[in-house]
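Novice: Quick one, structure for this:
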Amino acid sequence: MKAAINAASVIFPFLLMYISRGVHGWVEMHSHSRHTPSRL
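Specialist: Numbering: from 1, shown residues only. Next up is the predicted model:
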C-alpha cells in the first residue's frame, strides 16, 4: 500500500491546483458576465 500512498501524494497537489484553478476561472467568468449575483 506504500505505492498507493506515494502516488496519491504526487497526484493530490496537481489535483488540488487543477480544482482551485477551475473554481477561480468559474468565479472570474461569472463575476465578469454579471456583477449582480442573482443566485449562487
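Novice: quick one: low-confidence ranges for the chain?
Specialist: By pLDDT under 70, the low-scoring segments of the chain are 33-40.
Novice: Run through the strands of it in chain order.
Specialist: Counting by DSSP state E, the chain has no strands at all.
Novice: Which residue lies nearest the spatial centre of it?
Specialist: Centroid-nearest residue in the chain: I19, 1.6 Å away (criterion: Cα atoms, centre = their mean).
Novice: Tell me the spacing between it and P13.
Specialist: 11 Å (Cβ to Cβ, to the nearest Å). Backbone N, C-alpha and C define where each C-beta goes, glycine included.
Novice: With A7 instead?
Specialist: Taking Cβ to Cβ, one finds A7 at 12 Å from P13.
Novice: Same question for H24.
Specialist: In terms of Cβ to Cβ, H24 sits 16 Å off from P13.
Novice: Around H30, how many other residues sit close by?
Specialist: 13 (other Cβ atoms under 10 Å).
Novice: Please read the previous query as pertaining to F14.
Specialist: 9.
Novice: and if you look at E28?
Specialist: By other Cβ under 10 Å, neighbour count at E28 equals 10.
Novice: contacting residues around stretch 10-17?
Specialist: In this structure, no residues lie in contact with stretch 10-17 by Cβ atoms under 8 Å, 6 or more residues apart in numbering.
Novice: Return the alpha-carbon coordinates of it using CSV.
Specialist: C-alpha atoms of stretch 10-17 as CSV (Å, rounded to 0.1, in the frame of the first residue of the first chain):
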residue,chain,number,x,y,z
VAL,A,10,2.2,13.0,-6.1
ILE,A,11,-1.3,13.3,-7.7
PHE,A,12,-3.0,15.3,-4.9
PRO,A,13,-1.2,18.6,-5.3
PHE,A,14,-1.8,18.6,-9.0
LEU,A,15,-5.5,17.8,-8.5
LEU,A,16,-5.8,20.5,-5.9
MET,A,17,-4.2,23.0,-8.2
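Novice: Name the residues of it that are buried.
Specialist: By neighbour count with 16 or more other Cβ atoms under 10 Å, stretch 10-17 contains no buried residues.
Novice: the helices in this protein, which residues?
Specialist: 2-33 (DSSP state H).
Novice: sorry, back to before: pull up the gap between the residue nearest to the centre of the chain and F12, please.
Specialist: 10 Å.
Novice: Many thanks, have a good one.
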